[in-house]
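Student: give me a 3D structure for the following:
(2 chains)
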Number of protein chains: 2
Amino acid sequence: MSIDLLIKKIKETGNPTVVGLDPHISYVPEDVLAKFAEGDQTNAILEFNKGLIDALCDIVPAVKPQAAYYEMHGWRGVRVLAETVDYAKSKGMYVIADGKRNDIGSTAEAYAEAYLKTSVLDGHFHADSLTVNPYLGTDGIAPFVAKCEDGASIFVLVKTSNPSSGELQDLICAEKPIYEHVANLVNTWGKTTIGKNGYSSVGAVVGATYPEQAERLRELMPRTYFLVPGYGAQGGTAKDVAKSFNSDGLGAIVNASRSIMCAYKKDGGDYQSAARAEAIRMKNDIVNAI
Amino acid sequence: MSIDLLIKKIKETGNPTVVGLDPHISYVPEDVLAKFAEGDQTNAILEFNKGLIDALCDIVPAVKPQAAYYEMHGWRGVRVLAETVDYAKSKGMYVIADGKRNDIGSTAEAYAEAYLKTSVLDGHFHADSLTVNPYLGTDGIAPFVAKCEDGASIFVLVKTSNPSSGELQDLICAEKPIYEHVANLVNTWGKTTIGKNGYSSVGAVVGATYPEQAERLRELMPRTYFLVPGYGAQGGTAKDVAKSFNSDGLGAIVNASRSIMCAYKKDGGDYQSAARAEAIRMKNDIVNAI
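Tutor: Reported below is the predicted structural model:
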């Protein structure tokens, strides 16, 4: 199961974190931008991504490129997304495409084929994993689960890290918040993809900014891997994210994007050394808390 | 407001329908495929899309390209999405990018910039409108609403057409199903974008397959334009979709994709004539029912 590959890389690096590659153009260092013509921002982004991957691939198990930051540059940006995914995989990293895709039937199949196909074709996105949104129910998830049975993984939005996440996710229905209903669906969807470590390849997104809810969700979904956004900039602490882990030290992977990509702005020095130092600091912070 | 532009085109054509451009490769006619090398499917798709747009642009107000069918071909497919959007706009059609995008904060801003930017840049997606998913609440929608205040529109998933849509959308909270809570949010989000026809540029996706719910949502969201999937292949009839219209004959635009794109397979003849004939049949069917 794909989740076993992620767990293997987490164990090898001793590091349950994932670096978000959300390359807003303002994050790209001046000296990288300067190498490219002004109209050639997408190649500057690609060089920045590759530099980050080179600096992190032996100490961080996974990267999570955020599709929006590529799509905002049109198809040339999306080409850089494909090239970033390929480069990260060539360096041994597990790649979670953060697309929060959702649709029904044959359209959901098309998204699953777009991001989680196993055959390697030039210019396609060969991620290991994709984030997905559950609002459409089982019809919208089943095509992705089929890919999970065939070597991929997904992370379903359950309880997101943002301030307004509760507007729908916290509404109480039959004495349970909506996110717990989604958690039950995630358990059901993941039943056929339990790997040798006891975890399912159908994971969940659970924000670090809601530690009480994360603790409850950890109980409700013992076999589900959590992708945890919200550490650092959004206010989640290592103590908060610790609630998303199981007693086996597994069960969660914590994301940081800007704090690592832009570490050079805070700490000085070249962006690669700064990103690596911040990734090590984050790893130690989290490992010490779990 | 952007919704006024859509309404203008609907009035000019007398046709409250939108043609989905969901170009699964099996939909592309043999003679179009035969013009291109086997590995060059994306250009066959582009030619097919352009042929459909040529055949429909004077009688149909809008097209709705579905992002998944382009993304499944990697970045070259996404280039065809950008080219399709540009071509449809050059032919005077209103373009609804069906991406069901969703994220928070600066990432939602990036998606809004990706699909709804007003400045024209080569290779970018310059749609008039984008479908979005509400699961993340206001944080995830506000950046799109900002674009609606600046010449774009969105359609928020409220009650989708698929069989499992009720798993979350129909859960009852405080005596109302979740989709009614979303409807209330849509009303709130749309307040600042009411145009001269009395409709907001923050629209809603309401499936034709649930006519009773559509009738209720029509009452709850009098100023919201509905994008209505599920007519035809999914089982929604003209009588069903009529419930999504207001008494002014406005308020909804009904989608059909496969029935028009693949009309030639059922009715014979060239794909352009068959698509045009089916588009006229659909228009008459719906206009007679409202």
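Student: please make it C-alpha for all contacts and neighbour counts, starting now.
Tutor: Will do.
Student: what sits up against the longest helix along chain A?
Tutor: Counting residues, the longest helix found in chain A (DSSP state H) is helix A:271-289. Contacts with helix A:271-289, where a contact means C-alpha atoms under 8 Å, 6 or more residues apart in numbering or on different chains, come from A:15-17, A:29, A:51-52, A:55-56, A:59-60, A:238-239, A:241-242, A:259-264, A:267-268.
Student: counting neighbours, which of the residues you listed end up buried?
Tutor: Burial by neighbour count, 16 or more other C-alpha atoms under 10 Å in any protein chain shown: within the contacts of helix A:271-289 this picks out A:15-17, A:29, A:52, A:55-56, A:59-60, A:238, A:241-242, A:259-264.
Student: show only the entries of these found in strands.
Tutor: Per DSSP state E, strands hold the following members of the buried ones among the contacts of helix A:271-289: A:Thr17.
Student: out of the buried ones among the contacts of helix A:271-289, which are inside helices?
Tutor: Counting by DSSP H, the part of the buried ones among the contacts of helix A:271-289 found in helices is A:52, A:55-56, A:238, A:241-242, A:259-261, A:263-264.
Student: surely A:Leu46 is in contact with A:Arg79?
Tutor: No: counting by C-alpha atoms under 8 Å, A:Leu46 stays clear of A:Arg79, with 9.5 Å between them.
Student: the two: who's more crowded?
Tutor: Set A:Leu46 next to A:Arg79 and count neighbours by other C-alpha atoms under 10 Å in any protein chain shown: A:Arg79 wins out with 25 against 21.
Student: mind listing the strands for chain A?
Tutor: A:17-21, A:62-65, A:94-101, A:129-132, A:153-159, A:172-173, A:176-177, A:200-206, A:224-228, A:252-256.
Student: distance from the chain centre to the second one, please.
Tutor: Right, the one you point to is strand A:62-65. Centroid separation for strand A:62-65 versus its chain: 6 Å, with C-alpha atoms, centre = their mean, to the nearest Å.
Student: so what's A:Glu212 closest to, chain neighbours aside?
Tutor: A:Lys243 (8.0 Å; C-alpha to C-alpha, 6 or more residues apart in numbering or on different chains).
Student: which pLDDT value belongs to that neighbour?
Tutor: Confidence at A:Lys243, expressed as pLDDT, is 96.
Student: next one: A:Gly14
Tutor: Looking at A:Gly14, the pLDDT reads 98.
Student: what does A:Lys283 give?
Tutor: 98.
Student: and it, how far from A:Val158?
Tutor: Distance, A:Lys283 to A:Val158, by C-alpha to C-alpha, to the nearest Å: 24 Å.
Student: more neighbours, those two?
Tutor: Neighbour tally, A:Lys283 and A:Val158, criterion other C-alpha under 10 Å: the higher count belongs to A:Val158, 30 against 22.
Student: wait, the more buried one sits on A:Ala183?
Tutor: Yes: here A:Val158 reaches A:Ala183: they are 6.4 Å apart, a contact under C-alpha under 8 Å.
Student: so what sits against both of those two?
Tutor: With C-alpha under 8 Å, 6+ apart as the test, A:Val158 and A:Ala183 both reach A:Ala204.
Student: now do the contacts for A:Gln66.
Tutor: Contacts of A:Gln66 by C-alpha under 8 Å, 6+ apart are A:20-22, A:97-99, B:107.
Student: please list the residues of the stretch 151-290 of chain A that sit near chain B.
Tutor: Residues of the stretch 151-290 of chain A lying close to chain B by C-alpha under 8 Å from any C-alpha of the partner chain are A:160, A:162-169, A:171-174, A:178, A:181-182.
Student: among these, which lie within helices?
Tutor: Those of these lying in helices (DSSP H): A:166-169, A:178, A:181-182.
Student: got the contact list for A:Tyr231?
Tutor: A:208-209, A:237-238, A:241, A:254-256.
Student: which of those residues tops the neighbour count?
Tutor: A:Ala208 (32 neighbours).
Student: in terms of secondary structure, what does the least confident helix or strand in chain A by mean pLDDT contact?
Tutor: The weakest-scoring helix or strand in chain A, judged by mean pLDDT, DSSP states H and E, is helix A:263-267 (a mean of 92). On a contact count with 3 or more C-alpha pairs under 8 Å, 6 or more residues apart in numbering or on different chains; DSSP states H and E, helix A:263-267 meets helix A:271-289.
Student: how about the helix it packs on: buried residues?
Tutor: For helix A:271-289, by 16+ other C-alpha under 10 Å, it's A:271-280, A:282-283, A:286-287.
Student: and which of the residues you listed is nearest to chain B?
Tutor: For those, the residue nearest chain B by C-alpha to the nearest C-alpha is A:Ala275; the value is 20.9 Å.
Student: check that closest one and give its pLDDT.
Tutor: Residue-level pLDDT assigned to A:Ala275 equals 98.
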